[in-house]
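>>> Let's see this in three dimensions:
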Amino acid sequence: PIHLARLRLQGGAHIIAAAISDDGTRAALSDANSTRIFTLEMDAEAVVVSKSALVPTLAAAAALHFTADSKVLVLAPSDGSRLQLVDLKSGRTSVLMRAHKVGSKAAKKAPKKATNKKAAPADNNKDAVEEEEEPSQVARRVMKLAVSPDGQWAATACVALGGGGGTVEVYNLEAQRSHAVLALPLDAAAGHTPRPTALAFSPAGGQLVVATASNRLHVFDVEEAAACEVYGRWDEQLPRRFLEMPGHISGISFEPTAGVARCVVHTPAAFAHLDLAKPPADHPVEGAGEEAAPRKRRRGPQAPAPIPQSSAAMTPGNSKHALHEDPASRRDTNFKVISFDDACLGMMYTSPDSALLVECPWADVLAKFPPPLIRHRYGM
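Predicted coordinates:
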C-alpha cells in the first residue's frame, strides 16, 4: 500500500470519529468540539486535502458514515438523541429525532397545537425534521453507526452509561424520520437488555444483524422492526466456539454480492465466517458447541501435534501474521473461527473473494499504556 495523505486537527485534538466516502472525494473527522469535512483531490504525485467550506460548522459526533452514493454524510451525536444528515451538494442539514419507545415504529408527526410562545427564528441552512420525544432519564452513548447499502436506512447502537443495557434505533433516511427502536431480548442474568457492540445491514438492506456483548447475533427485519423469521432463531443456535471467541464482537462486514448473506464477524482477537442462509452447523444443533470427551493418553513417546494451518491466511509465507483456525470448527462449513496474532482494529470485505484486515501489534498497544502509579523498587 502507498501512503497518500495524513489529516491532523489543529491543536493536536483527539479524533473520536472518522469516515471516508466510497468515491474517495471526501473525508470527515470529529473531535470533542466539532465535525469537519475535507475534500480529497488526486494530484499527479499526491492527494491534495482542503477543508470544505460548504458546511462551516457541525456538531461533534461519536460516529460518522457516508451513504453509498457519497452524497450524504450521517452524523450520530454521542448522546444518541438524534441523527444529523448533511447534503454534500447543497450543504443543507436535517435533524432526525429518535423514536418514542422500544419495540414500536415511530408515529408520523402530528401537528402542534398553537401556543403563546414566540416561534424561534428559522434557519435557512437547517431543515429540522423532528418528532415528539419521550424524555429519557438514562444517559446513553452511541457506540456504532451503520447505513444500508441502498441509502434508505441508518441504525445506531446505544448503551446506557453507568451500567445497564442498550438499544438499537433505526432511521428512514429517505423519509427523513425515525423508524423504530428495536427490542433486544432481555438478559435474565443481568436483569436488562444486552449491550449492542456491532451492527451491519445486509447487501439488500432488508435485514439488520446486531451483535451483543455476549457474542450473540440477532437478525431483524428492518421494515417490520421485528426479529427476522427468514433465518430462524440464530440467537438460540450459536455454537459454543463462537460464543466463547476471545473478546466482544466489534465489527460485522457483509460480502458485497447481491442475493447472498455471507459475512465476517470479528473481535480484537479472532474472526468467524458466517452464512446466514445456512444453519450454524452441519451436524444437529443439540451437539453444537459440546466439548469432545477427553481421550486417554498413551504411554511412551508421542509425535508432536501438527501446527494448525489456515486456508484463510491473508499473508502467505509470513508466519508472524498467520491466522490459526480453531480445530473444533474444522468439521463445519459454517462458523469457521480463526484467531489473530495481533490486535484487530477492523476487518471488512473489499470484494466477494477478499477482505481488508487492519492490525496493531500488541507491543504497540502496551507502549501506549500510561506509566504505573506505583512502581516497586527492588533492593530498597
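>>> Could you use CA atoms for every contact and neighbour count after this?
Will do.
>>> so where does L357 fall, helix or strand?
Using DSSP states H and E, L357 maps to strand 354-360.
>>> Describe which strands that strand pairs with in its sheet and in which direction.
According to DSSP bridges, strand 354-360 forms sheet pairs with strand 343-351 (antiparallel).
>>> re earlier: mind exporting the strand holding L357 as CSV, just the C-alpha atoms?
The C-alpha coordinates for strand 354-360 follow below in CSV (Å, rounded to 0.1, in the frame of the first residue of the first chain):
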residue,chain,number,x,y,z
SER,A,354,-11.1,-10.7,-0.5
ALA,A,355,-11.1,-8.7,2.8
LEU,A,356,-9.1,-5.9,4.3
LEU,A,357,-7.6,-6.6,7.8
VAL,A,358,-6.2,-3.7,9.9
GLU,A,359,-4.0,-4.9,12.7
CYS,A,360,-1.9,-3.3,15.5
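>>> quick thing: my sequence starts at 61, can you match it?
Yep, numbering from 61; the last one is strand 414-420 now.
>>> average model confidence for the helix or strand just after it?
Tracing the chain past strand 414-420, the next element assigned as helix or strand by DSSP H and E is helix 422-427. The pLDDT scores in helix 422-427 average 86.
>>> would you list every one of the strands in the stretch 61-210 of the chain?
Taking DSSP state E, counting those that start in this stretch as the test, the strands found in the stretch 61-210 of the chain are 77-80, 86-90, 94-102, 107-111, 118-119, 123-126, 132-136, 142-147, 153-157, 186-189, 200-207.
>>> And those strands: which comes nearest A318?
Closest to A318 of the strands of the stretch 61-210 of the chain is strand 200-207 (CA to CA; 16.3 Å).
>>> from the chain's centre, how far out does that closest one sit?
Here the centre of strand 200-207 is set off from its chain's centre by 8 Å, with CA atoms, centre = their mean, to the nearest Å.
>>> re the thing from before, what would the strands of the stretch 61-210 of the chain look like in CSV with distance to D247?
Below are these laid out as CSV (distance: least, CA to CA, whole Å):
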stretch, distance to D247
strand 77-80, 30
strand 86-90, 34
strand 94-102, 36
strand 107-111, 46
strand 118-119, 34
strand 123-126, 26
strand 132-136, 26
strand 142-147, 26
strand 153-157, 27
strand 186-189, 34
strand 200-207, 18
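>>> now for those strands, which one comes closest to T410?
Using CA to CA, those put strand 77-80 closest to T410, at 14.5 Å.
>>> Counting by contacts, list what the closest one packs against.
strand 86-90, strand 123-126 (3 or more CA pairs under 8 Å, 6 or more residues apart in numbering; DSSP states H and E).
>>> For V270, find the nearest of the ones you listed.
V270 lies closest, by CA to CA, to one member of the helices and strands packed on strand 77-80: strand 123-126, at 16.6 Å.
>>> what about dumping the CA coordinates of the closest one to PDB?
Below are the C-alpha coordinates for strand 123-126, written out as PDB (Å, rounded to 0.1, in the frame of the first residue of the first chain):
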ATOM      1  CA  ALA A 123     -19.800   8.100  14.800                       C
ATOM      2  CA  LEU A 124     -19.700   9.200  11.100                       C
ATOM      3  CA  HIS A 125     -20.800   7.400   7.900                       C
ATOM      4  CA  PHE A 126     -21.200   8.400   4.300                       C
END
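>>> Pairing partners for it, with directions?
By DSSP bridges, strand 123-126 pairs with strand 132-136 (antiparallel).
>>> In TSV, list the helices and strands packed on strand 77-80 along with distance to M407, mean pLDDT and mean neighbour count.
Converted to TSV, the helices and strands packed on strand 77-80 look like this (distance: least, CA to CA, whole Å; pLDDT from 0 to 100; neighbours: other CA atoms under 10 Å):
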stretch	distance to M407	mean pLDDT	mean neighbour count
strand 86-90	19	92	23
strand 123-126	16	94	24
